[in-house]
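In: Quick one, structure for this:
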Amino acid sequence: MYTLSATSQSFGAYHLSILPYLMLSQVKLILTPIFSKTLLKQTLHPHQWLCLVIMAAGIVMVQVGSLPSSLSDVNSSDAGKDRAFGIVAMLVAGCCSAFAGVYMEAVLKSSERSFMVRNAQLAAYGCLCALGGFLWQSDFSTKGFFLGYTTLVWYFVLLQAMGGFLVSWAVRVSSTIAKNYAQSLGFLSASTIPLLSSPHALSFELYSGIAMVLGGVFGSLWKTEMPVDSKVDSDERPKEGSIV
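Out: Presented below is the predicted three-dimensional model:
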């Protein structure tokens with residue numbers, strides 16, 4: 001599912017301009033709690049749904065504010081691009097990513113096998129799908145399998161592998177929704193910290209996006225108390241002389 005999501009997202013990036021692509025790339029943040037409610041019976045308070053929407057909009061604002069003005073004003077009417085196909089591709093990518101995350105959470109939490117074994121089994125499915133795409137697109141028979149694998153590429157592979165284990169462990173001990181919150185904060189840090197040392201002034205969109213992401217993440221941590229009935233059921237009241 002993650003492989004299909006990445007492939008669909010690449011099609012969406014080709015057929016859409018920057019702003020629609022950035023907006024649709026955050027659909028997974030809204031779809032994840034929907035799948036969590038359907039498959040895992042997890043519930044969110046109404047204010048947490050609102051915080052998710054604010055956080056998704058804030059991520060888009062940060063991305064738009066980080067782009068050079070020459071890129072943000074690109075016209076999307078290029079020949080050979082299908083806008084409707086790009087929108088469908090991004091929606092498919094969001095659905096696949098959200099469903100895969102929730103399904104992985106269900107498998108990791110319900111399995112009796114060890115974390116390492118189950119994680120390896122889940123990764124094997126993605127490797128098989130990615131291998132099919134590699135055999136279809138790559139000319140490895142003449143150029144070799146490891147062509148272009150520099151030291152930097154190997155560092156990136158190891159970083160991705162360690163990040164995958166950390167994400168799986170975080171999903172197992174918390175939830176996919178909590179993982180999305182952490183990824184949003186990580187994206188915010190990666191996008192804004194390099195810009196702080198830039199000589200150019202930060203845009204209003206960037207400041208607004210930072211405030212929206214932080215407000216969405218920390219606002220979702222606040223839980224409203226459910227109303228508790230003051231009446232205690234008769235069978236739940238301790239009897240006289242009993243030890244509570």
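
In: which residues touch the residue positioned nearest the centre of the chain?
Out: Centroid-nearest residue in the chain, with C-alpha atoms, centre = their mean: residue 180, separated by 5.0 Å. Residues in contact with residue 180 (C-beta atoms under 8 Å, 6 or more residues apart in numbering) are 28-29, 32, 101. Backbone N, C-alpha and C define where each C-beta goes, glycine included.

In: In CSV: those residues, plus secondary structure, neighbour count and pLDDT.
Out: CSV is the format used below for these (DSSP: H, G, I helix; E, B strand; the rest coil; neighbours: other C-beta atoms under 10 Å; pLDDT from 0 to 100):
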residue, secondary structure, neighbour count, pLDDT
28, helix, 24, 88
29, helix, 23, 88
32, helix, 24, 90
101, helix, 25, 87
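
In: Please identify which of those is nearest to residue 67.
Out: For these, the closest approach to residue 67 (C-beta to C-beta) belongs to residue 29, at 20.0 Å.

In: Can you tell me what sits against stretch 93-109?
Out: Against stretch 93-109 from outside (C-beta under 8 Å, 6+ apart): 1-2, 4-6, 8-9, 12, 24-28, 31-32, 34-36, 39-40, 115, 118-119, 122, 168, 171-172, 175-176, 179-180.

In: hmm, I was thinking of stretch 31-51
Out: Here stretch 31-51 has contacts from 52, 94-95, 98-99, 101-103, 105-106, 175-177, 180, 215-217, 219-220, 222-224, using C-beta under 8 Å, 6+ apart.

In: Ends of it, what's the gap?
Out: End-to-end distance of stretch 31-51: 14 Å, with C-alpha to C-alpha, to the nearest Å as the criterion.

In: Show me which positions of that stretch end up buried.
Out: 31-33, 35-36, 40, 42, 44, 48, 51 (16 or more other C-beta atoms under 10 Å).

In: now stretch 157-169
Out: Buried residues in stretch 157-169 (16+ other C-beta under 10 Å): 167-168.
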